[in-house]
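[1] Sequence first, then the predicted structure, then my questions.
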Amino acid sequence: MLETRELTKVYNESVLAVNKLNMKVEDGEIYVVLGANGAGKSTTISMLLNFIEPTSGTALVDDIEIPKFPLEAKKHLAYVSENVELYRNFTARQNLSFFAKLGGRKKVSNAELDETLGRVGLPEEAFTRRVKTFSKGMRQRLGIAIAIMKNAQAVLLDEPTSGLDPKGGADFLNLLRELKEEGKAIFMSTHDIFRAKEIADRIGILVEGNLERELTREEILEEDLEALYLHYVAGYEPEEDAAE
Amino acid sequence: MLLTLIQKEMMHHILSVRFVALLLMCLLLIPLTLSINYRSYRQDLVDYQEAVKLANIEETTVNPKLPMEPEIEVSKLILKPTALSVFAKGLEDSLPSYLGMTRNGVTHGLPSTFSAPLSQLLGHLDFLFVVSTVFSLLALLFTFDVVAGEREVGTIRITLSNAVPRDLFLWGKLIGGYLVFVVPFLVSFLFGLLLLVWQGFPLGELDIFPRVLGLTALSLLYIGVFFAIGTVISTYLDSGKTALIIAFTVWVFAVLITPRIGFLTAKVISPARTAQSVYMEKKALRDDLKAELEKEKMKRMMEIPPDDQGRIIVTGDKLNELMKPIAEEHRLKFQDHVNRLDRDYKRETKRQEQVGETLSRITPTSSLIYLATSLAQTGKAQRSNYLQTGDRYYDMLHANLFSKIDDYATKRMYNLATDIVKITQPPSLETDTLGETLRQSVVDVLLLCFFAVVLTTVAFLKFFRLDI
């Protein structure tokens, strides 16, 4: 379980990036946070990973307070970034092996590495290829493989589908569903309303650091998510637009 | 965990293009410069032996009762090349090839650079140059992106999303990078040393081997300082390209500009006369005093009372006796002036050099050069020993010969068989022991350690507070 309590970040004592954010992601749940650029999505993830210190409030993973016990908390967190670059001169297998060891695995066999790489849909010939020859989609798959290998309870994804082609995006969502079925708490930030609608159990709309609206799965299916998003993010009124 | 990070960092470097560049530099430059400089040293040694033979000081005798021009070099202290100059040529080429002993004082022979001025124009290539210039740049190329590069591509976020303490992450990067850097360096150096031994270099000698070890340790420390500089730059910037530009600028200032600026500034802050101008002043002083003495001599002669028949008859012996106190007075006066000139000159040059040396120490490259040349016996201490030995030799010659020469004798009586003086042999050039060298270089050792520790600490402190 992942939770934030009054989580706040103010940069340089003047720029409010995240304002008293309260949210909870249960195990086996996919929580998607939608927001424009600068809404505070990445800042929230950075605070959850202790990359930056919160100004106030706190965050917890499996009841471990992240700012107080960051190293212990990180054992329960996996992360997939927007652009999974990794070490370009390493092969997929070498990258995965390195991050698996950092994730706490003592010894990882090539068979296990290959199995994980295969699971995320990387072709076998790519296992021993240098990552610098990979497409973005392949790198994102490798990023997911790293998260899977860590076997953490909570998975944080920072705009993981941006730049992926439709098939790549669909495959990626299937991988997330698999993780969800394994009982992981998944927290994903994105601009992509359509994929959010497809995958999310709950959606939070973040505007200028404030969580303006939270939608349940039922609400997501019932409401016009695009219009709602534009309303909160850009101030558009759906009725007025329709009238025009 | 640390081991995993170190292994990854080593692998990361080994698979990169810069490692190929490092390997090439190591394998080509180090053995090549050592080998070429050893050949040059052997040639210098042959030249030295020839010069000693030509000077033939052992056989030279002088009769002090005969007049002797003050500019004549009655003997020479010839500079013997140092075997360790193979590693750091230092001041050896710019020191006078010999110190000539004249009654006017010590003259300086032309430095060996005089015979090859064009090669000096382009600079000397030795192990010290390779370490101070080439390897410092390579060290920065290895470290400018340790943090900035990872931040740019985002790998640092994936790495630190695991339970990796930040200090371990940075240590892993530093140790891994440093190991990948120094292993080819040490292997090439070892290969270079084997090549030298094969060519006949006396590496096993007690005074040489510890100094070579010292040079190796010093090079590793200096490379460590530049690793720390690169890491500091990298932690303060989030773009690899910017970090590279800043690192290169820092290198230009630290290695190429600042060491030179120190001495240029010293010339302005603390001006000093040149050795040649002091020599000319001495010469002018001697000429003035000689003219004054001649005048005095004439005056005294005119004051001699005539005999009963109104004639002025003075024998040579009597005249010598008459003039002796005046000549002695003039000699003392001259010596007093000369001593004062020498003292002032030495004080001025020493002060200027101290100011320049202190100012130049703002950069680790200067400390490396001072230390390495001290270890290689081609630095300031060696120059000082050489010049002091020259002064000592001059004093010996002055006591045995120059002080006995009488410029003002009207009548000279001598006996070839008994008056001849054999010229005192030049004393052997003293060299500092390793202990003395280290004692004299303690400031530079501490400065290099200070740079390494402080810069590494700054890098860590910044990295701990960094928003990733």
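    That came through fine.
[2] OK, contacts around whatever residue of the stretch 251-400 of chain B ends up closest to chain A?
    Relative to chain A, the nearest point of the stretch 251-400 of chain B is residue B:251 (24.9 Å; Cβ to the nearest Cβ). C-beta: built from backbone N, CA, C; applies to glycine. Going by Cβ atoms under 8 Å, 6 or more residues apart in numbering or on different chains, residue B:251 touches B:136, B:137, B:140, B:226.
[3] What distance do you get for it to residue A:118?
    To residue A:118, residue B:251 is 47 Å away according to Cβ to Cβ, to the nearest Å.
[4] Write out the residues of chain A neighbouring chain B.
    For chain A, the contact set with chain B under Cβ under 8 Å from any Cβ of the partner chain comprises A:46, A:49, A:51-52, A:71-72, A:74-75, A:77-79, A:81-90, A:94, A:98-99, A:101-104, A:143, A:146, A:150, A:156.
[5] Buried among these? Make that a ChimeraX selection.
    Here is the ChimeraX command that selects the buried residues among the residues of chain A next to chain B (16 or more other Cβ atoms under 10 Å in any protein chain shown):
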select /A:46,49,51,52,74,75,77,78,79,81,82,83,84,85,86,87,88,89,90,94,98,99,101,102,103,143,146,150,156
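[6] Out of the residues of chain A next to chain B, name the ones that lie in strands.
    Among the residues of chain A next to chain B, the residues falling in strands (DSSP state E) are A:77, A:78, A:79, A:156.
[7] of the residues you listed, closest to chain B?
    Of these, the one sitting nearest to chain B (Cβ to the nearest Cβ) turns out to be residue A:79, at 3.6 Å.
[8] now that closest one, nearest residue through space, not along the chain?
    Among residues not flanking residue A:79 along the chain, residue B:161 sits closest, at 3.6 Å (Cβ to Cβ, 6 or more residues apart in numbering or on different chains).
[9] what residues does stretch B:3-20 touch?
    A:87, A:89-90, A:94, A:98, A:101-102, B:138, B:141-142, B:164, B:168-169, B:171-173, B:175-177, B:179-181.
[10] Could you tell me which of these are located in helices?
    A:94, A:98, A:101-102, B:138, B:141-142, B:168-169, B:171-173, B:175-177, B:179-181 (DSSP state H).
[11] Now flag whichever of the ones in strands among the residues of chain A next to chain B is closest to residue A:188.
    Distances from residue A:188 to those, taken as Cβ to Cβ, are shortest for residue A:156 (7.8 Å).
[12] hmm, back to that, distance to residue B:288 added to the ones in strands among the residues of chain A next to chain B, as JSON lines?
    Listed next are those as JSON lines, based on distance: Cβ to Cβ, whole Å:
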{"residue": "A:77", "distance to residue B:288": "91"}
{"residue": "A:78", "distance to residue B:288": "93"}
{"residue": "A:79", "distance to residue B:288": "88"}
{"residue": "A:156", "distance to residue B:288": "92"}
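[13] For residue B:77, which residues are in contact?
    When contacts are counted by Cβ under 8 Å, 6+ apart, residue B:77 touches B:98, B:99, B:101, B:386, B:389, B:390, B:393, B:426, B:427, B:429.
[14] Can you report phi and psi for residue B:360?
    phi -70, psi -20 (degrees, to the nearest 10).
[15] hang on, it packs against residue B:366?
    Yes - look at residue B:360 against residue B:366 with Cβ atoms under 8 Å: they come within range, at 4.0 Å.
[16] what are the ranges of the strands in chain A?
    A:2-11, A:15-25, A:30-34, A:56-61, A:64-65, A:77-80, A:154-158, A:185-190, A:202-207, A:210-215.
[17] any idea which of the ones you listed is most buried?
    Of all the strands of chain A, strand A:77-80 carries the top mean neighbour count, a mean of 28, counting by mean count of other Cβ atoms under 10 Å in any protein chain shown.
[18] Could you list every helix and strand in contact with it?
    helix A:136-150, strand A:154-158 (3 or more Cβ pairs under 8 Å, 6 or more residues apart in numbering or on different chains; DSSP states H and E).
[19] how about low-confidence regions in the chain?
    All of this refers to chain A. Filtered on pLDDT under 70, chain A yields the residue ranges A:237-244.
[20] nope, chain B please
    B:56-60, B:64-68, B:116-117, B:314, B:316, B:406-419.
[21] middle-most residue in it, spatially?
    residue B:379 (2.8 Å; Cα atoms, centre = their mean).
[22] mind listing what that residue touches?
    B:88, B:90, B:91, B:370, B:372, B:373.
[23] residues in contact with the closest residue to residue B:353 other than its chain neighbours?
    Residue nearest to residue B:353 in three dimensions, not counting chain neighbours: residue B:266, with 7.3 Å by Cβ to Cβ, 6+ apart. When contacts are counted by Cβ under 8 Å, 6+ apart, residue B:266 touches B:352, B:353, B:355, B:356, B:359.
[24] For the residue nearest the centre of chain A, give me its contacts.
    The centroid of chain A falls nearest to residue A:157 when counting by Cα atoms, centre = their mean (1.4 Å). Residues in contact with residue A:157, defined by Cβ under 8 Å, 6+ apart, are A:79, A:80, A:176, A:186, A:187, A:188, A:189.
[25] what's the spacing between it and chain B?
    Taking Cβ to the nearest Cβ, to the nearest Å as the measure, residue A:157 falls 11 Å from chain B.
[26] same check, this time on residue A:44
    Relative to chain B, and taking Cβ to the nearest Cβ, residue A:44 is found at 14 Å.
[27] That residue and residue A:35 touch, don't they?
    No - with contact defined as Cβ under 8 Å, residue A:44 does not reach residue A:35; the gap is 9.3 Å.
[28] Give the intersection of the neighbour lists for the two.
    Residues within reach of residue A:44 and of residue A:35 at once, by Cβ under 8 Å, 6+ apart, are A:189, A:206.
[29] Can you get me a residue count around the nearest residue in space to residue B:459 that is not next to it in sequence?
    Leaving aside its sequence neighbours, residue B:459 sits nearest to residue B:231 (Cβ to Cβ, 6+ apart; 4.2 Å). For residue B:231, the neighbour count with other Cβ atoms under 10 Å in any protein chain shown is 28.
[30] Okay, strands next: where are they in the stretch 51-200 of chain B?
    Using DSSP state E, counting those that start in this stretch, the strands of the stretch 51-200 of chain B run over B:61-62, B:75-78, B:98-102, B:105-108.
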